[in-house]
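A.B. asks: Provided below for reference: sequence and predicted model.
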Amino acid sequence: MDVSPLIWTITIAVTIAFFVFEFFAHVRTPHEPSIRESAWWSAFYIGLALAFGVGIGVVSGWTFGGEYFAGYLTEKALSVDNLFVFLLVMTAFAVPRAYQQKVLLIGIAIALIMRGIFIAVGATLIANFSWIFYLFGALLLVLAYRQAFTHGDSDPANGRFIRFVRRRLSATDEYHGDKLTVLKNGRRFVTPMLLVLVTIGVVDLIFAVDSIPAIFGLTDEAYIVFTANAFALMGLRQLYFLIGGLLQRLVYLAQGLAVILAFIGVKLVLHALKVNEVPFINGGQSVPWAFDIPIWFSLLFIGTTIAVATVASLVKTRRQPVEGGKGGEAVEAQEVER
């Protein structure tokens with residue numbers, strides 16, 4: 001896939017423009033978005049992502065188009081899981097609903113920057129070292145195990161790094177609008193809003209570790225990796241308010257993602273064996289029985305896994321009351337207690 005520097009420049013510029021538009025059109029003035037507003041913008045961004053994928057298929061061929069859609073589905077699913085952690089952070093810090101949009105947008109922007117850095121590093125490694133596929137594959141298999149059996153065991157708001165920040169910085173107990181710092185009695189204090197953003201940044205870094213190797217298991221085209229990630233992240237803010245209460249009903253999402261990560265991990269290892277150059281594996285030659293899993297099967301497998309995990313979750317929790325409401329009623333409950 002031949003992507004010129006001009007196309008890269010235009011793509012990055014348009015992506016930045018969308019985030020700037022989001023800030024000035026929706027986030028600059030703190031407010032709680034309505035269901036209608038969230039639904040409309042979520043549909044818009046999903047439609048835009050699908051149209052872009054069709055464009056790649058028409059212009060560059062449907063092999064690349066299939067890689068984009070498989071990558072987009074995977075990254076969207078991982079991003080929804082990211083939203084669940086964002087919800088935990090919002091609840092732990094009791095972020096007022098009016099300011100959650102700003103936290104989400106900044107968090108999503110940080111996520112895209114983190115992933116952009118990982119994409120650049122990953123593309124460079126893949127272009128120069130074929131053995132990196134073994135490393136990525138092994139990493140995804142480990143992450144799949146952790147996703148399936150240890151997911152949700154940690155408290156992101158009370159991690160070691162955040163405890164370190166709390167000890168080093170003087171922080172207020174209450175919010176001061178959406179300010180990050182405030183001057184009190186001649187001293188500069190940080191507000192809980194800054195701690196929230198630091199926590200979100202740490203979470204984004206952790207999620208980038210499994211996100212980027214996963215999509216590189218589906219395509220080695222850096223342009224597809226970047227655009228699939230960008231479109232997966234766009235609209236997450238609206239999706240948070242649209243399905244916030246349903247996030248807690250997706251009880252099998254972690255297991256579904258674990259299956260996807262394990263599948264991509266196996267796919268990477270098989271590819272590594274096929275293009276093997278490691279001296280102590282088959283004398284540095286390609287392993288005869290190794291094969292590449294076709295992209296159409298990857299797309300079918302990922303889509304089916306997400307569908308099964310979603311349906312199974314909703315069936316299991318259909319009689320349970322939805323907690324958290326529209327992405328944050330649990331937060332409001334904490335605010336009342338305070």
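C.D. replies: Arrived safely, thanks for sending. Numbering: from 1, shown residues only.
A.B. asks: spatially central residue in the chain, please.
C.D. replies: S79 (3.1 Å; C-alpha atoms, centre = their mean).
A.B. asks: who are the packing partners of whichever helix or strand that residue is part of?
C.D. replies: Element membership for S79, per DSSP states H and E: helix 62-92. Judged by 3 or more C-beta pairs under 8 Å, 6 or more residues apart in numbering; DSSP states H and E, helix 62-92 is in contact with helix 35-60, helix 97-128, helix 192-216, helix 222-233, helix 236-247, helix 253-274, helix 295-316, helix 329-337. All C-beta atoms are positioned from the backbone trio N, CA, C, and that covers glycine.
A.B. asks: next, format the ones you listed as CSV and append mean pLDDT and distance to L83.
C.D. replies: Shown next, in CSV, are those (pLDDT from 0 to 100; distance: least, C-beta to C-beta, whole Å):
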stretch, mean pLDDT, distance to L83
helix 35-60, 90, 12
helix 97-128, 85, 9
helix 192-216, 81, 11
helix 222-233, 92, 10
helix 236-247, 74, 5
helix 253-274, 89, 10
helix 295-316, 89, 14
helix 329-337, 42, 14
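A.B. asks: would you mind finding the most buried of those helices?
C.D. replies: Of these, the one with the most neighbours on average (mean count of other C-beta atoms under 10 Å) is helix 222-233, at a mean of 24.
A.B. asks: quick one: that helix to helix 35-60, angle?
C.D. replies: Helix 222-233 and helix 35-60 are oriented at 170 degrees to each other (axes from the mean of the first three to the mean of the last three C-alpha atoms, to 10 degrees).
A.B. asks: residues in contact with helix 222-233?
C.D. replies: 1, 3, 7-8, 11, 15, 45, 48-49, 52, 56, 64, 67-68, 71-72, 74-76, 78-79, 108, 111-112, 115-116, 119-120, 122-123, 211-212, 215-216, 219 (C-beta atoms under 8 Å, 6 or more residues apart in numbering).
A.B. asks: tell me how far the closest residue to W8 other than its chain neighbours lies from A77.
C.D. replies: Of all residues not flanking W8 in the chain, Y223 sits nearest, at 7.1 Å (C-beta to C-beta, 6 or more residues apart in numbering). In this view, Y223 and A77 are 21 Å apart by C-beta to C-beta, to the nearest Å.
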